[in-house]
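Mind folding the following:
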Amino acid sequence: MIMIPASSAPPALSGYQRLIIALLAFLQFTIILDFMVLSPLGAMIMPALHVSPAQFGILVSAYAFSAGGAGLLAAGFTDRFDRKKLLLFFYLGFIAGTFLCAIADSFHFLLVARIVTGLFGGVIGSIVFAITTDLFEYRLRGRVMGVVQAAFAASNVLGLPIGLYLANRWSWHAPFYLIVATGIAVGCVIVLYVRPIDAHLRLHPDRSPLHHFVHTISTPRYLQGFAATVLLATGGFMLLPFSSAFTVHNLGIDIDRLPVIYMVTGIFAMAFGPLIGRASDAIGKFNVFAMGCAATIIMVLIYTNLKVTPIQIVILVNVLLFMGVSSRMISSAALISAVPSAADRGSYMSISSSLQQISGGIAAALAGLIVKETPSGALEHFDIVGYVLVATTLLTLVMMYYINRRVESPAGLAVAAAGSGGSGGAR
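Residues are numbered from 1 along each chain as shown. Here you go, the predicted model:
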């Protein structure tokens, strides 16, 4: 048991802070659900719109690439506006794009709708993390990131089953209407209850967007954070796209039992996300990251080398693997949030989010070149993907060690604290 001195314990959360955390988590839930819900709807969309598998692949990837491009284009502008107004602008655009998805009646209409949704939705994640960094002390950010990141698990456990139920009962359009209705409710709460978040505007008000973008991508300490973000995304995106096929064809799990595995894993991820965040604040973000790396390496080596396995063991391995991955993602997000100065947070987060999207797409493509499918459907060389993930995990561990040293220095802690709790602050 590690005891934390009372003087170093994080302060209690205020009512407004709790509202902001819940709002940001719910907002992320809608964004992630919109991104993920298209894939399982493929069996309905393809015959309904006469879409080929290749065209459906374009529909799925259109969101990711437009989101990545939008983040880069918006990077020079995100620190020039009140973050509340910026969030509302992009969230309304996201809702409009999702509505277009709901009413789409052809492949080309749906393709344009997914591009529009990605252009707006792809920037929202970076705004959420910039708001988190602006409004919460560094000592609290692990806790906040843990709750916000739990939205990913919630979208799997709650969002996807509800969306698929609605699609089966009515049509594939229904889940998008649900997201639109939920998004409108969230937007109303933002308008009514979120205070202006504009303290950063007083720091560098005259910097041009291009100058701001160039400054952000050329600052040495930022480059280190960008590199770590790329590697963090690369490992996960190489493994996850093939996990369902590996589970069915290599581990011998019936496809009808896949939802059980994902549901149980998601429930544990939802429950442990906030606890991992609290641990990051209590015992150190890098310490939790290092433990997450160790757990990830061990479980990846076990998972990618499994043969036919009982479902109970598969569930246990999946849960432990995702605990390791969640520990890395939550603690690294909290730690990297301290890298940019208050004046550059929006730009930094936009570029970081874009790099994550783009590197994830490239990683999935590279994994596709490594993995081979046998006539029976089993995957070969999946263990090699695991070894690549282990290598990237070790590299990120080294990189995060140096980032942590910089952040924990007196100068780094001053940067982390600057702007937190400013205008629209958390109290």
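
only C-alpha atoms for contact and neighbour calcs from this point on.
OK.

Which parts of this structure are strands?
Using DSSP state E, the strands of the chain run over 372-373, 379-380.

Tell me which of those strands sits most buried.
The densest packing among the strands of the chain, expressed as mean neighbour count by mean count of other Cα atoms under 10 Å, is seen in strand 379-380 with a mean of 17.

circling back: make CSV out of the strands of the chain and add mean pLDDT and distance to Pro259.
Written out in CSV, the entries for the strands of the chain read as follows (pLDDT from 0 to 100; distance: least, Cα to Cα, whole Å):
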stretch, mean pLDDT, distance to Pro259
strand 372-373, 80, 23
strand 379-380, 86, 20
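
Of all those, which one comes closest to Ser327?
Using Cα to Cα as the criterion, the shortest distance between Ser327 and the strands of the chain is 27.9 Å, found for strand 379-380.

Adjacent strands (with direction) for the closest one?
strand 372-373 (antiparallel) (DSSP bridges).

which residues sit against the partner strand?
379-381 (Cα atoms under 8 Å, 6 or more residues apart in numbering).

With stretch 374-394 instead?
Identification of contacts with stretch 374-394 by Cα under 8 Å, 6+ apart yields 231-232, 234-236, 238-239, 245-246, 249-250, 293, 296-297, 300-301, 304-305, 367, 370-373.

Any of these buried? List them.
Among these, those buried by neighbour count (16 or more other Cα atoms under 10 Å) are 231-232, 234-236, 238-239, 245-246, 249-250, 293, 296-297, 300-301, 304, 367, 371.

Any buried residues in stretch 313-330, and which?
Of all the residues in stretch 313-330, those buried under the rule 16+ other Cα under 10 Å are 314-315, 317-330.

In contact with Glu95: list those residues for me.
One thing to correct before we go on: residue 95 is Ile, not Glu. Ile95 makes contact with 117, 179-180, 183-184, according to Cα under 8 Å, 6+ apart.

7 Å instead?
Residues in contact with Ile95, defined by Cα atoms under 7 Å, 6 or more residues apart in numbering, are 180, 183.

ok, now which ones touch Ser171?
The contact partners of Ser171, taken as Cα under 7 Å, 6+ apart, number zero.

how much space between Pro274 and Phe286?
Between Pro274 and Phe286 the computed distance is 17 Å (Cα to Cα, to the nearest Å).

again, but for Cys101
Look at Cys101 and Phe286: by Cα to Cα, they are 41 Å apart.

between these two, who's got more neighbours?
Relative neighbour count places Cys101 above the other of Cys101 and Phe286, with 26 against 22, counting by other Cα atoms under 10 Å.

Ile21 - nearest residue in space that isn't next to it in sequence?
Among residues not flanking Ile21 along the chain, Val144 sits closest, at 6.4 Å (Cα to Cα, 6 or more residues apart in numbering).

State the distance from that neighbour to Met46.
Taking Cα to Cα, one finds Val144 at 39 Å from Met46.

now swap in Tyr387 and tell me
In this view, Tyr387 and Met46 are 35 Å apart by Cα to Cα.

And for Leu33?
Note on Leu33: its distance to Met46, by Cα to Cα, is 20 Å.

Those two - which one has more neighbours?
A direct count of neighbours by other Cα under 10 Å for Leu33 and Met46 places Leu33 higher, at 22 against 15.

Can you check the pLDDT for that one?
Here, the pLDDT recorded for Leu33 equals 85.

What of Met3?
You'll see Met3 listed with a pLDDT of 36.

just Gly121 next, same as before
As summarised for this prediction, Gly121 has a pLDDT of 88.

cool, and Gly292?
We have a pLDDT of 94 for Gly292.

I figured it hits Gly324, correct?
Yes: when contacts are counted by Cα atoms under 7 Å, Gly292 is listed as touching Gly324 (4.3 Å).

What is the neighbour count of Ile45?
Counted with other Cα under 10 Å, residues neighbouring Ile45 total 21.

for Phe56, same thing?
Taking other Cα under 10 Å as the neighbour definition, Phe56 ends up with a count of 20.

mind checking how far it is from Leu87?
Summarising the geometry, the distance separating Phe56 from Leu87, computed by Cα to Cα, is 30 Å.

if I look at Met349, how far off is Gln17?
Counting by Cα to Cα, the gap from Met349 to Gln17 is 21 Å.

pLDDT below threshold where in this structure?
Residue ranges of the chain with pLDDT under 70: 1-11, 53, 156-157, 160, 203-207, 241, 411-427.

As a quick check, tell me the outermost residue of it.
The centre of the chain is farthest from one residue, Pro375, which by Cα atoms, centre = their mean lies 34.7 Å away.
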